[in-house]
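Asker: how would this look folded up:
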Amino acid sequence: MIGRLQGVLLRKEPPALMLDVGGVGYELEAPMTTFYELPAVGEQITLYTHLVVREDAHLLYGFIREAQRRLFRDLLKVNGVGPRVALAVLSGLSDEEFTRCVAGEDIARLTKVPGIGRKTAERLVIEMRDKLPKDVPMPVPSTTADGGPAAPADPVSEAVSALVALGYKPNEASRAVRGVSTKGMNAEEIIRQALKGMAV
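Answerer: Below you'll find the model as predicted:
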């Protein structure tokens, strides 16, 4: 099991990123809550990881904080929740927001996450209630400017693609991004605002 990686951030294209560890490039997927805290491309970073082994692939997921990985693993234990849905949960909700949803039995908010229907939301509330810590710190968004290679020419398209990769339907992703004032924003900022808009 690969539990942690420390190396240089080579690429970040939500929800995928690449980390150079001793000359080996590891491809990972990460929730948006991790992307918000990533440093600039070219900088050192440590990620906590979870490896999912399937017949056709080995999938590596990365998290900026161990608490995120712990929540991801707890979500995978819920019937009907796989890695893709768990990633979407951690992208659309911060640790604290998810805790509030479960504690307050906010089924309506949980069902706004792609891949979660009412029955799955109800299972999340029942099965996760006793697993969540009482005090969960809010993640601090990264304020570092993007470095390294130039940003993609079209961050709007990149944001739409990332939302689709997280499980949203193309028309939902496009509509959410259209509702954001995207001028001067990079893809991560657009995704953050789009997810906030879909949460309302």
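
Asker: C-alpha coordinates for the top helix by length along the chain, CSV please?
Answerer: Ordering each helix of the chain by length in residues (DSSP state H) puts helix 187-199 first. Presented in CSV, the C-alpha positions along helix 187-199 are these (Å, rounded to 0.1, in the frame of the first residue of the first chain):
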residue,chain,number,x,y,z
ALA,A,187,-9.7,27.0,-13.6
GLU,A,188,-9.5,26.1,-9.8
GLU,A,189,-11.2,29.4,-8.8
ILE,A,190,-13.9,28.9,-11.4
ILE,A,191,-14.5,25.4,-10.2
ARG,A,192,-14.7,26.6,-6.6
GLN,A,193,-17.3,29.2,-7.4
ALA,A,194,-19.3,26.8,-9.6
LEU,A,195,-19.5,24.2,-6.8
LYS,A,196,-20.6,26.9,-4.4
GLY,A,197,-23.3,27.9,-6.8
MET,A,198,-24.6,24.4,-7.2
ALA,A,199,-24.7,24.0,-3.4
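
Asker: For that helix, which outside residues touch it?
Answerer: 12-14, 32, 35-36, 91-93, 109, 112, 141, 151-152, 155-156, 158-159, 162-163, 168, 172-173, 176-177, 179-182, 185 (C-beta atoms under 8 Å, 6 or more residues apart in numbering). All C-beta spots, glycine's among them, are computed from the backbone N, C-alpha and C.

Asker: Also stretch 67-78?
Answerer: 31, 33-34, 48-50, 61, 63, 81-83, 85-87, 89-90, 95, 98, 120, 123-124, 127-128, 131-133, 136-137.

Asker: let's see it at 6 Å
Answerer: 48, 50, 63, 81, 86, 123-124, 127, 131 (C-beta atoms under 6 Å, 6 or more residues apart in numbering).

Asker: Give the rounded mean pLDDT of that stretch.
Answerer: Across stretch 67-78, pLDDT averages out at 92.

Asker: same thing with stretch 163-174?
Answerer: Per-residue scores along stretch 163-174 average to 79.

Asker: now for that stretch, what's the gap between its first and last residues?
Answerer: In stretch 163-174, first residue to last residue: 9 Å (C-alpha to C-alpha, to the nearest Å).

Asker: tell me which residues of it are tucked away?
Answerer: When burial is assessed from 16 or more other C-beta atoms under 10 Å, stretch 163-174 yields the following buried residues: 163-168, 172-174.

Asker: Narrow those residues to those in helices?
Answerer: 163-165, 172-174.

Asker: Please identify which pair of the residues you listed lies farthest apart.
Answerer: Of all pairs drawn from these, the greatest distance, 13.8 Å, lies between Ala165 and Ser174 (C-beta to C-beta).

Asker: quick one, phi/psi of the residue most central in space within the chain?
Answerer: By C-alpha atoms, centre = their mean, the chain has its centre lying nearest to Pro31, at 1.3 Å. Here is the backbone geometry of Pro31 (degrees, to the nearest 10): phi -70, psi 160.

Asker: And it, how far from Glu37?
Answerer: 11 Å (C-beta to C-beta, to the nearest Å).

Asker: which other helices and strands contact the helix or strand Ser161 falls within?
Answerer: According to DSSP states H and E, Ser161 maps onto helix 155-165. Under the contact criterion of 3 or more C-beta pairs under 6 Å, 6 or more residues apart in numbering; DSSP states H and E, helix 155-165 touches helix 170-178, helix 187-199.
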